[in-house]
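Chemist: Sharing a model that was predicted from the sequence below.
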Amino acid sequence: MNITARTKLLLACLLLFAPSLASAQELNGANTSWILTSTALVLFMTLPGLSLFYGGLVRTKNVLSVLMQCFAIAVAISILWLVVGYSITFGPSESAYWGGLSRMLFNGITIDSMSGDIPETVFASFQMTFAIITPALVVGAFVERIKFSSMLIFSVLWTLVVYFPVANWVWGGGWLGQMGLIDFAGGTVVHITAGVAALVTALVIGKRKDFLSAATLPHNLTMSFTGAAMLWVGWFGFNAGSALAADGAAGMALFVTHISAATGALTWIIIEWIKFGKPSGLGAITGMVAGLATITPASGSVGPAGALLVGLSGGVICYFATTYLKQTVKIDDSLDVFPVHGVGGMVGTFLAGILVSANLGVFSGNGLAEGMTVGSQVGVQVIGILATAIYTAIMTFILLKLVGVLTSGIRVSEEQEQQGLDITDHDEKGYSM
């Protein structure tokens, strides 16, 4: 074969395999591996982390119902994400409020489709786990008194009407993202939406019959500690995975997440120690979750010293918000979703606008975007908090009323509540006695 023939053959081979070679050059194996791992970690937060955390906090007669609620939400939202969720959240629509329906059923997404330097299927799977855990967080507000059918219909509709659009506003190229809102991993998208929805749900459904009048103590704190530990570990995927790369940003996000969680837990322990003479295990793990929720929006913006302030703020503010809501206002947000996640998300989103500044000495963050000042950034953060909270509150109220009509009332009967939802909803028991 002469040189000319060889050259022609080589060129033909290059043309034949050019698409696959280009894809291979585009794809970053390290980043892809990290996001695959992060996807598993975030799903691990819901199944089994959140399930066990919540399950241990209710009474024995309701433990299976809580596990079933978290499991069913994961199943239903996964299908909803495939059908329309990914399209609404990350579709190519030019609208600043939703992504459209052109990506329904992953239309146009193939094995070769890329999102940056990772496969689009990997990116979509990672984002799906956020859509799963957000409505699952709301479960904590209505445990022990909601019909399973009402819970499932509400969770699906709420994710469709609230979570998907808000996620688009912030992460999918929508109007809040265009304004420059700092929300690295879900302070507004996950925690404020879930927290506000929990508060509205608790108000609409009403208190448990024996709320504050009889002992409603956790039946198995060992289970809750196990779930809390899983949440802590899984949160590294939640926050560090949001860097969408195996790089320094992911490493910093992981470290500040850990510091804030530890600070939140220690803060809660010290407060209880001072007030009651003894710290509680429940307080320790609740403070840890408060620290995690508070750092979530700021995890890509602050440094380690800033994370210390975020965790401290989250621990103190969420503690007193929890006490105020339950003991003063007497709202039965059963597992403290609003004061921990909602308030924590608001505090973290607000602080992100300040601690991102590069002019705070050891507490400095990554630096403000071009053209932004601390004042203007805080203004954007406040708009994000208010817009998310108001929209979520209105839509949650409407959906609860709608579901109440569809299911002839959201709440179980007083007799069923007394008997426990494990038997009345599932004809099973969490424990065989």
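Modeler: Arrived safely, thanks for sending. Residues are numbered from 1 along each chain as shown.
Chemist: Now the phi/psi pair for residue 174, please.
Modeler: Main-chain dihedrals, residue 174, degrees, to the nearest 10: phi -80, psi -170.
Chemist: That one is in contact with residue 181, isn't it?
Modeler: No - between residue 174 and residue 181 there is no contact under C-beta atoms under 8 Å: 9.6 Å. Placement of C-beta: from N, CA and C, glycine included.
Chemist: Okay, the residue nearest the centre of the chain and residue 61: tell me how far apart.
Modeler: Residue closest to the average C-alpha location in the chain (C-alpha atoms, centre = their mean): residue 190, at 3.9 Å. Per C-beta to C-beta, to the nearest Å, residue 190 is found 30 Å from residue 61.
Chemist: Using the three-state scheme, assign residue 211.
Modeler: coil (DSSP: H, G, I helix; E, B strand; the rest coil).
Chemist: So what's the residue count around it?
Modeler: 16 (other C-beta atoms under 10 Å).
Chemist: how close does it sit to residue 331?
Modeler: Between residue 211 and residue 331 the distance, using C-beta to C-beta, works out to 9 Å.
Chemist: Kindly report the same for residue 359.
Modeler: Distance of residue 359 to residue 331, computed by C-beta to C-beta: 40 Å.
Chemist: circling back to that earlier point, got the contact list for the closest residue to the residue nearest to the centre of the chain other than its chain neighbours?
Modeler: Excluding the flanking residues, the one nearest residue 190 by C-beta to C-beta, 6 or more residues apart in numbering is residue 134, at 4.9 Å. Applying C-beta atoms under 8 Å, 6 or more residues apart in numbering to residue 134 gives the contacts 159, 163, 186, 189, 190, 193, 194.
Chemist: related to what we said a few turns ago, quick one: which of residue 359 and residue 331 has more around it?
Modeler: Neighbours were counted for residue 359 and for residue 331 using other C-beta under 10 Å; residue 331 has more, 19 against 10.
Chemist: Would you double-check that the more buried one falls in a strand?
Modeler: No - checked against three-state DSSP, residue 331 lies outside a strand; its state is coil.
Chemist: How about the contacts made by it?
Modeler: Residue 331 touches 199, 202, 203, 207, 325, counting by C-beta under 8 Å, 6+ apart.
Chemist: how does it look with 6 Å?
Modeler: When the contact criterion is C-beta atoms under 6 Å, 6 or more residues apart in numbering, the partners of residue 331 are 202, 325.
Chemist: Then the one 3 residues further on?
Modeler: The contact partners of residue 334, by C-beta under 6 Å, 6+ apart, come to residue 143.
Chemist: again, only using 7 Å
Modeler: 140, 141, 143, 144 (C-beta atoms under 7 Å, 6 or more residues apart in numbering).
Chemist: sec struct for the last one, please.
Modeler: The reference is to residue 144. coil.
Chemist: Assess the claim that it and residue 61 are in contact.
Modeler: No - in terms of C-beta atoms under 7 Å, residue 144 does not count as a neighbour of residue 61; the distance is 8.3 Å.
Chemist: how far away is the residue nearest to the centre of the chain from residue 296?
Modeler: 7 Å.
Chemist: before we move on, what about residue 414?
Modeler: Relative to residue 296, and taking C-beta to C-beta, residue 414 is found at 38 Å.
Chemist: Residue 103 now?
Modeler: Going from residue 103 to residue 296 by C-beta to C-beta gives 26 Å.
Chemist: These two: which is more packed in?
Modeler: residue 296 (33 against 22).
Chemist: With adjacent residues omitted, what lies nearest to that one?
Modeler: residue 185 (4.8 Å).
Chemist: swap in residue 332?
Modeler: Per C-beta to C-beta, 6+ apart, closest to residue 332 is residue 207, 3.9 Å.
Chemist: gap between residue 348 and residue 34?
Modeler: With C-beta to C-beta as the criterion, residue 348 and residue 34 are 23 Å apart.
Chemist: which of those two has more neighbours?
Modeler: The residue with more neighbours, out of residue 348 and residue 34, is residue 348; 37 against 23, by other C-beta under 10 Å.
Chemist: the strands in the stretch 101-250 of the chain, which residues?
Modeler: 114-115, 118-119 (DSSP state E, counting those that start in this stretch).
Chemist: which neighbours does the first one have in its sheet, and in what orientation?
Modeler: Using DSSP bridges, the neighbouring strands of strand 114-115 in the sheet come out as strand 118-119 (antiparallel).
Chemist: what's in contact with the partner strand?
Modeler: By C-beta under 7 Å, 6+ apart, the residues outside strand 118-119 that reach it are 27, 28, 31, 32, 35, 113, 244.
Chemist: any idea how far the first one lies from residue 122?
Modeler: Residue 27 sits 10 Å away from residue 122, going by C-beta to C-beta.
Chemist: for stretch 252-262, what is the average pLDDT?
Modeler: For stretch 252-262, the mean pLDDT works out to 98.
Chemist: Start the count at 10 instead of 1 going forward.
Modeler: Understood, numbering begins at 10; the last thing we discussed is stretch 261-271.
Chemist: What residues of that stretch count as buried?
Modeler: Residues of stretch 261-271 classed as buried: 261, 262, 263, 264, 265, 266, 267, 268, 269, 270, 271 (neighbour count, 16 or more other C-beta atoms under 10 Å).
Chemist: The fourth one contacts residue 311, doesn't it?
Modeler: Right, residue 264. No - at 10.5 Å, residue 264 does not count as touching residue 311 under the criterion of C-beta under 7 Å.
Chemist: related to what we said a few turns ago, is it correct that the residue nearest to the centre of the chain is in contact with residue 139?
Modeler: Yes - shown here, residue 199 and residue 139 form a contact pair, counting by C-beta under 7 Å, at 6.2 Å.
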